[in-house]
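Chemist: Please find the sequence and the predicted model below.
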Amino acid sequence: SQKIEQNSEALNIQEGKTATLTCNYTNYSPAYLQWYRQDPGRGPVFLLLIRENEKEKRKERLKVTFDTTLKQSLFHITASQPADSATYLCALMTTDSWGKFQFGAGTQVVVTP
Amino acid sequence: DTAVSQTPKYLVTQMGNDKSIKCEQNLGHDTMYWYKQDSKKFLKIMFSYNNKELIINETVPNRFSPKSPDKAHLNLHINSLELGDSAVYFCASSPQTSGRGTGELFFGEGSRLTVL
């Protein structure tokens, strides 16, 4: 069955360092991969999308990579700040199921001053 | 202005009752969704409507019935509530219905349903 795995353990990181999160998937050939941020008691907020033919995407301090051979996406937050503390979710979708994103359970990031 | 708004934010009810959650978006999007987030934080798609037409209907008990009176509204009605229905239900909308664009989902703040 299709599986999306994100590290369930919280990532504790010091302010100014780079946080790196992983999203691994099995039995899946996603064409699109998105990353969202979710704060406690709030809805997820879209951050970035990367397509299967793209290796890397950047937006301000965020960087996403997509390796379809390893079946993995990495999400980096550079120069992390306490305000970056949240849960980050990856979501995958195939070409023939537009809109039907499947989400991982998310990884919590805690940035300490 | 709230882009995707859901009501109520909290809902506590007894098993066997029927309840509804309402969702409205003022973004002009054609596609709306209902997602369920369980205690393990997995977000699972339940339904999707495009311009009032049902386009995604996941394996959801037929006690759950979505209704879209117009493309700006998507409501969720749940009959005969069970303990396992306790979760946070998120409404979302998206401007795209095809492979163009980012497929970005705009989520509401969620409706926390507790069934006792």
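Modeler: Happy to help now that I have it.

Chemist: Tell me the bridge partners for the residue nearest the centre of chain B.
Modeler: Ranked by distance to the mean C-alpha position of chain B (Cα atoms, centre = their mean), the top residue is B:W34 at 2.6 Å. B:W34 has these beta-bridge partners by DSSP bridges: B:F47, B:C91.

Chemist: Show the pLDDT at it.
Modeler: B:W34 is assigned 96 on the pLDDT scale.

Chemist: what do you get for B:T97?
Modeler: pLDDT recorded at B:T97 is 58.

Chemist: Show the backbone phi and psi for B:D38.
Modeler: phi -90, psi -170 (degrees, to the nearest 10).

Chemist: got a list of what it touches?
Modeler: Neighbour list for B:D38: B:44, B:87 [criterion: Cβ atoms under 8 Å, 6 or more residues apart in numbering or on different chains]. C-beta coordinates here come from the backbone N, C-alpha and C atoms, glycine included.

Chemist: residues near the closest residue to chain B within chain A, how many?
Modeler: Residue of chain A nearest chain B, by Cβ to the nearest Cβ: A:G43 (3.1 Å). Summarising burial for A:G43: neighbours were counted as other Cβ atoms under 10 Å in any protein chain shown, giving 22.

Chemist: Just list whatever residues bridge to the closest residue to it other than its chain neighbours.
Modeler: Leaving aside its sequence neighbours, A:G43 sits nearest to B:F107 (Cβ to Cβ, 6 or more residues apart in numbering or on different chains; 3.1 Å). As for beta bridges, B:F107 partners with B:A92 under DSSP bridges.

Chemist: Can you get me a residue count around B:F107?
Modeler: Neighbours of B:F107 using other Cβ under 10 Å come to 23.

Chemist: contacting residues for it?
Modeler: Listed by Cβ under 8 Å, 6+ apart, the contact set of B:F107 reads A:43-45, B:4, B:35, B:90-92.

Chemist: which ones are touching the residue nearest to the centre of chain B?
Modeler: Residues in contact with B:W34 (Cβ under 8 Å, 6+ apart) are B:23, B:45-48, B:66, B:74, B:76, B:89-92.

Chemist: what does the model give the residue of chain A closest to chain B for pLDDT?
Modeler: pLDDT at A:G43 comes out at 96.

Chemist: May I have the residues that are in contact with it?
Modeler: Taking Cβ under 8 Å, 6+ apart, one finds B:4, B:90, B:92, B:107-110 in contact with A:G43.

Chemist: Same check on A:A19?
Modeler: When contacts are taken as Cβ under 8 Å, 6+ apart, A:A19 is in contact with A:11, A:13, A:76-77, A:80, A:84, A:109, A:111.

Chemist: what's it sitting at in phi/psi?
Modeler: Main-chain dihedrals, A:A19, degrees, to the nearest 10: phi -90, psi 130.

Chemist: likewise A:T95?
Modeler: Residue torsions, per degrees, to the nearest 10, at A:T95 are phi -60, psi -40.

Chemist: count of neighbours near the nearest residue to it once chain neighbours are set aside?
Modeler: Sequence neighbours aside, A:A31 is the residue nearest to A:T95 in space, at 4.2 Å (criterion: Cβ to Cβ, 6+ apart). A count of nearby residues for A:A31, using other Cβ under 10 Å, gives 16.

Chemist: Put the buried members of the contacts of B:F107 into a PyMOL selection.
Modeler: Buried residues within the contacts of B:F107, by 16 or more other Cβ atoms under 10 Å in any protein chain shown, are selected in PyMOL with:
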select buried, (chain A and resi 43+44) or (chain B and resi 4+35+90+91+92)
